[in-house]
Structure formats: structure tokens, C-alpha cells
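S.K.: Here you go, sequence then predicted model.
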Number of protein chains: 2
Amino acid sequence: MWMAELAARSGLSVATIKYYLREGLLPPGEAAGATRARYDVTHVRRLRLIRALTEVAGLSLDTVRQVLEGIDSAGSWHQAVGSAHTRLAGSGDDGAGPTAASLARVDAMLARQGWELAPDHPNARVLARALDVLDGLDHPASDTLLDLYAAAMRPLAAHEVLAVRRVGSDRPGGSDEPPVEASVEAAVIGTLLQEPLLLAIRRIAQENISRELDEDEARS
Amino acid sequence: MWMAELAARSGLSVATIKYYLREGLLPPGEAAGATRARYDVTHVRRLRLIRALTEVAGLSLDTVRQVLEGIDSAGSWHQAVGSAHTRLAGSGDDGAGPTAASLARVDAMLARQGWELAPDHPNARVLARALDVLDGLDHPASDTLLDLYAAAMRPLAAHEVLAVRRVGSDRPGGSDEPPVEASVEAAVIGTLLQEPLLLAIRRIAQENISRELDEDEARS
């Protein structure tokens, strides 16, 4: 397809697509003469992914670039997904270091759950910083709440991880994409872009439970 | 306390605090002469809340203003929390309308869960939009996933809603803050600022389950 169709199918302007090409976020098309190039469905998918990462997940272009490099340079499934995860976690790190007390609480939670993380893992730092912020607002999160969150996330995470692995192994043979790239893309989408889903459902659950409690009080 | 101490205790610069005073985000202090004012602990808390809403939750100052107006004008517990929730949901609305198909899927999920939402409720629109985005990326979210999310959020939401209500009813008598304001502040913090906690724990769970699956494969 030509540039005009690529713009129409991705929902982005030609100027934006040319900017992504110059910045190396989008691989070049196949040259068709001195000034024209042909693009294919992998370009459409890559543009939709960039758009989702910036508009929905709110990532900066620099972070998007790092996530895409993680996808493109992936040597193995585990390494690729691990590297994408580490980059995504870093994007939530606001620069301020967590307190030792909060890092110790995260370690204790991991031990209670039978989980492990490499020392100084970005996700441990992000979680510890979130604890510090709530402490600073005089609304500390209890260990009970952390354990409730962990218990609730365990079956979800198992479902999500298995879904991502299936993308890597069941890819139809005619696909242009190597299984690793498809898997990492699925992991990134599953981690980042299903977050709004989970958070919206949490708010809907809160509202419904709040209304039920009001009705219970009115009856009693 | 004077302005210098307010700045030190809130972690914000004097210039930023004066900007929030001019914009009406922070109520004025008690006048002490022509050019000085005294501030108290409610000012410190309000500034910490503004900082958390902007820096941690990533809200614009306009949205922060709407959330704070919801807290300040609250007539009753239920009305105040409901209005804050609706404003927060609106902040996740990117302007693009959800498709009718996704809105129908949200309605079907609500029916399966025995939940209700007012027609055209912002949270239903946010959820439907998130479904559309995943469809556009060729990674549609299944009804199974939505029901798993709902089942996981149900006990968490019950815990969170009860915690917020306790803040409103068990407030110590010596507090300067009316119970409604404290409750709504707790609801806002619980909804928005505990989100990073939940999401970080979800990622940690995904990583640990992924590693366990690798170890299982290596053994078999």
C-alpha cells in the first residue's frame, strides 16, 4: 500500500508517520522509485501499537522507542518479554528513590507470596515508591491490602501469561512475523493496554458495592 | 505556620503554592497582617493531595480542580463519592466515542455480574473504549477475561469501599475536617492512587508465573 492508505488505516496523519520514519520508530517501506515506498500490514500494526502506547498508555516517545527496540532485538521469548517488562517498569519510576522501609515491606510481601524478584528490580522500586506516596498522604496501604491485591492478581496473571505464550506458539505458519516478536507485542499489549480494562472494572465494582451498602443501610 | 514551613512540609516551592492560591486550588490562609497569612495542617494535606494527583496519577490541573470542587461542595457521603468518581472517570475519556458493539459487550458483562450503571455512565464508556483499542490492535479481550477481572475485583472493591466508609465514620472528634470531606479524599486516594500499587503487583505476579512456567518446562 502507499503512504495515503497507511495513514487512513492507522488513523495517523502523513506528517506523523513521516516523523516516526525519520525517528526510526517505524521501519522503512520497500522502495518503489526515487520518492515512493510501499508499506504492508506489519507497518499498519506497528503504527497502531505506537498509537496505543502513546495515546492509551500515555508513554513518552522515548519510552515507546525503548519498548519497540526490546521487541525488535529479542533473541528468545523469555529474554524478550523480560526486557520489555523491565523497560515498562522503568517508565513508572519517577526518579525519586523509595525509602528503605518501603523496600523492606515489598520484600516481606514477596516472601509471604512465595515470589522472587532480582534485587533492585524496577517493579519492586515502583511498588515501594507507591507505598511511600500513600504514607505521605496519611493513607498508608496495609499489608492486608497488599496481600489481597496479590491474591486477586494471581489467577489473572496466570491467565494472561498463558494467553501470551499461546500467541507465540500457535502463530499460523503463513504469518510474516516471527513468533518471538508476536509474543513480545502480545506481552506489551497485555501488560500495558489491558490496564485500563482492569481499572475501569475496579471502579465499576466499587460503585456497585457502594450502592449495595447504601441499600442495606436504608433497609436496616 | 508561615509560607516557608508550608513549602517545606508539602515539598512544593513557594512559587508553586502561590500559583495554586491564585488559581483557587488551595484555600487562603488566615490573614496575619497586610502581607502575611498563617496556614495549618489542612493546607499541608491539600497540597500533598494536589501533588499526588498531578505527579502520581498524572491528572491535569483542570481535572484536579474538578476533583477538589467535588470534595469541597459535597453535601452527603454518597453524592460526594459518586461525583468524584464520575469526574475521575471522565478524565480517562479520550474524546473518541466507543462503538455500539463494545457498549453492548459492557452491558452484557454488567448483566452477567449482577451490576448496574446509569446509561452512558463515564466508566461504561471508558471500558468500552478500552475494548475498542484492543480490537484495533488485533488483541481483542474475551468475555472470559472481563469476567475474570470482575471476579478478581469484587473482594478488593468491597475491602476498599468499607475502608473509605470507616474514614468517614471513625474520624477522631478533634479533627478539623468534616467526615464527608475526609471520606471523599479517601475515596479519591483509594481509587486513583492505589492504582499504581495494584498494577505493580500484577506485573510482579506475571513475572513470577512466567518464571515458574519456564522452570516447569525445563524440568519436563
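M.R.: Right, received. Where do you want to start?
S.K.: Next, the contact list for A:Ile50, please.
M.R.: A:Tyr20, A:Leu25, A:Leu26, A:Val64, A:Leu68 (CB atoms under 8 Å, 6 or more residues apart in numbering or on different chains). Glycine gets a C-beta too; all of them are placed from N, C-alpha and C.
S.K.: Any idea how many residues pack against the residue nearest to the third one when sequence neighbours are not counted?
M.R.: So the one you mean is A:Leu26. Closest residue to A:Leu26 apart from its sequence neighbours, by CB to CB, 6 or more residues apart in numbering or on different chains: A:Tyr20 at 4.3 Å. Other residues within reach of A:Tyr20, judged by other CB atoms under 10 Å in any protein chain shown, total 21.
S.K.: Over to A:Tyr20. Which of the three states is it?
M.R.: Recorded secondary structure, A:Tyr20: helix (DSSP: H, G, I helix; E, B strand; the rest coil).
S.K.: is it true that it touches A:Leu47?
M.R.: Yes - with contact taken as CB atoms under 8 Å, A:Tyr20 and A:Leu47 are classed as touching, separated by 7.2 Å.
S.K.: intersection of neighbour lists for those two?
M.R.: Between them, A:Tyr20 and A:Leu47 share the neighbouring residues A:Leu26, with contact defined by CB under 8 Å, 6+ apart.
S.K.: Check which helix or strand the closest residue in space to A:Asp138 that isn't next to it in sequence maps to.
M.R.: Counting by CB to CB, 6+ apart, the nearest residue to A:Asp138 once its immediate chain neighbours are dropped is B:Arg45, at 7.0 Å. When secondary structure is defined using DSSP states H and E, the element that contains B:Arg45 is helix B:41-51.
S.K.: Only the buried residues of that helix, if you could.
M.R.: Within helix B:41-51, the residues that qualify as buried are B:His43, B:Val44, B:Arg45, B:Arg46, B:Leu47, B:Arg48, B:Leu49, B:Ile50, B:Arg51, counting by 16 or more other CB atoms under 10 Å in any protein chain shown.
S.K.: Quick check, the fifth one in contact with B:Ala8.
M.R.: So that's B:Leu47. No - between B:Leu47 and B:Ala8 there is no contact under CB under 8 Å: 11.2 Å.
S.K.: Longest helix in chain A, please.
M.R.: When every helix of chain A is counted residue by residue (DSSP state H), the longest turns out to be helix A:143-169.
S.K.: close to chain B, is that one?
M.R.: Yes - against chain B, helix A:143-169 shows contacts by CB under 8 Å from any CB of the partner chain at A:144-146, A:148-150, A:152-163, A:165.
S.K.: cool, and stretch A:110-127?
M.R.: Yes - contact of stretch A:110-127 with chain B (CB under 8 Å from any CB) involves A:Leu110, A:Gln113, A:Trp115, A:Glu116, A:Leu117, A:Asn123, A:Ala124, A:Val126, A:Leu127.
S.K.: thinking again about what came up before, how much space between the residue nearest to A:Asp138 and B:Ser60?
M.R.: Applying CB to CB, to the nearest Å, the value for B:Arg45 to B:Ser60 is 21 Å.
S.K.: which is the next helix or strand following the helix or strand of chain A with the lowest mean pLDDT?
M.R.: Across the helices and strands of chain A, the lowest-confidence element by mean pLDDT, DSSP states H and E is helix A:77-91, at a mean of 61. For helix A:77-91, the following helix or strand on the C-terminal side (DSSP H and E) is helix A:100-113.
S.K.: helices or strands next to the helix or strand just after that following helix in the packing?
M.R.: Toward the C-terminal end, the helix or strand that comes next after helix A:100-113 (DSSP H and E) is helix A:122-136. Using 3 or more CB pairs under 8 Å, 6 or more residues apart in numbering or on different chains; DSSP states H and E as the contact criterion, the elements in contact with helix A:122-136 are helix A:77-91, helix A:100-113, helix B:195-219.
S.K.: So for helix A:122-136, what gets flagged as buried?
M.R.: Neighbour-count burial for helix A:122-136, counted by 16+ other CB under 10 Å, picks out A:122-134.
S.K.: The spatially most central residue of chain A in helix, strand or coil?
M.R.: The residue at the geometric middle of chain A, judged as the C-alpha nearest the mean C-alpha position with CA atoms, centre = their mean, is A:Leu192 (2.1 Å). Secondary structure state of A:Leu192, per three-state DSSP, is helix.
S.K.: I'd say it and A:Thr54 touch.
M.R.: No - look at A:Leu192 against A:Thr54 with CB under 8 Å: they stay out of range, at 11.1 Å.
S.K.: Who are the contact partners of A:Glu30?
M.R.: A:Ala37, A:Arg38, A:Tyr39, A:Asp40.
S.K.: The first one contacts A:Met1, correct?
M.R.: No - proximity of A:Ala37 to A:Met1 does not meet the contact threshold set by CB under 8 Å, at 10.2 Å.
S.K.: Need the overlap of contacts for the two.
M.R.: Taking CB under 8 Å, 6+ apart as the contact rule, A:Ala37 and A:Met1 touch no residue in common.
S.K.: Ramachandran coordinates for A:Leu137?
M.R.: phi -90, psi 10 (degrees, to the nearest 10).
S.K.: who's in contact with it?
M.R.: When contacts are taken as CB under 8 Å, 6+ apart, A:Leu137 is in contact with B:Arg45, B:Arg48, B:Leu49, B:Ala52, B:Ile189, B:Leu193.
S.K.: Which two of these have the greatest separation?
M.R.: The widest separation within the contacts of A:Leu137, taken as CB to CB, falls between B:Arg45 and B:Leu193 and amounts to 13.5 Å.
S.K.: Show me just the buried residues among the residues of helix A:143-169 next to chain B.
M.R.: In terms of neighbour count (16+ other CB under 10 Å), the buried residues within the residues of helix A:143-169 next to chain B are A:145-146, A:148-150, A:152-154, A:156-161, A:163, A:165.
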